[in-house]
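[1] predicted model, plus sequence, below.
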Amino acid sequence: MPARTAIGSARTAIGAARIPIGGLLPDTISGLQLWLKADQITGLNDADAVTTWSDQSGNGYDASQATAGFKPIYKTNIINGLPVVRFQGTDDRLDGTNGLTSGTITLFAVYKRNASVS
């Protein structure tokens, strides 16, 4: 789906596994700007709305949403026992800070596709 000016807005669940791929962990990537880890969200229960998702890169580029109807949902034990942030595909999104608005980016996401979604 085309990206909006926000994080999310696709039928996806962004997860948070710390599994090295070829020995590479996100926090060892030179120039890492943003790292959103669902397993680092605290204070939420299953099916709670996500207001703020803290950036784990150390840059402080937290993602947030103040409008109740646009907030994604925190779900526990979804991918390999880890939580996810679930965006429903219509208008859920998290807005980021201006520090990520220019230049080329590479994005990695862990997601689980729902077979009933076309």
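    Structure's in. What do you need?
[2] CA atoms for contacts and neighbours, from now on please.
    OK.
[3] for the nearest residue to I73 once chain neighbours are set aside, give me phi and psi.
    Beyond its immediate neighbours in the sequence, the residue positioned closest to I73 (Cα to Cα, 6 or more residues apart in numbering) is A49, lying 4.5 Å away. The phi and psi values for A49, taken as degrees, to the nearest 10, are phi -70, psi 140.
[4] tally of neighbours for A49?
    A count of nearby residues for A49, using other Cα atoms under 10 Å, gives 19.
[5] any idea how far it is from N114?
    As judged by Cα to Cα, to the nearest Å, A49 and N114 stand 20 Å apart.
[6] low-confidence ranges in the chain?
    When residues are selected by pLDDT under 70, those of the chain lie in 1-24, 98-102, 116-118.
[7] which parts of it are strands?
    Chain-ordered strands for the chain, with DSSP state E as the definition, fall at 7-8, 12-14, 52-53, 63-64, 73-79, 82-87, 93-94.
[8] would you reformat these as CSV and include mean neighbour count?
    As requested, the strands of the chain are exported to CSV (neighbours: other Cα atoms under 10 Å):
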stretch, mean neighbour count
strand 7-8, 20
strand 12-14, 22
strand 52-53, 19
strand 63-64, 20
strand 73-79, 18
strand 82-87, 24
strand 93-94, 25
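[9] which one of those lies nearest to N45?
    N45 lies closest, by Cα to Cα, to one member of the strands of the chain: strand 73-79, at 7.3 Å.
[10] just to revisit the earlier point, let me see the contact set for the residue nearest to I73.
    Residues in contact with A49 (Cα atoms under 8 Å, 6 or more residues apart in numbering) are 68, 71-74.
[11] could those residues be laid out in a markdown table, adding distance to R86?
    Output for the contacts of A49, formatted as a markdown table (distance: Cα to Cα, whole Å):
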| residue | distance to R86 |
| --- | --- |
| A68 | 14 |
| K71 | 9 |
| P72 | 6 |
| I73 | 5 |
| Y74 | 6 |
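[12] residues touching K75, list them.
    Contact criterion Cα under 8 Å, 6+ apart gives 45-48, 83-86 as the residues in contact with K75.
[13] appreciated, that's everything.
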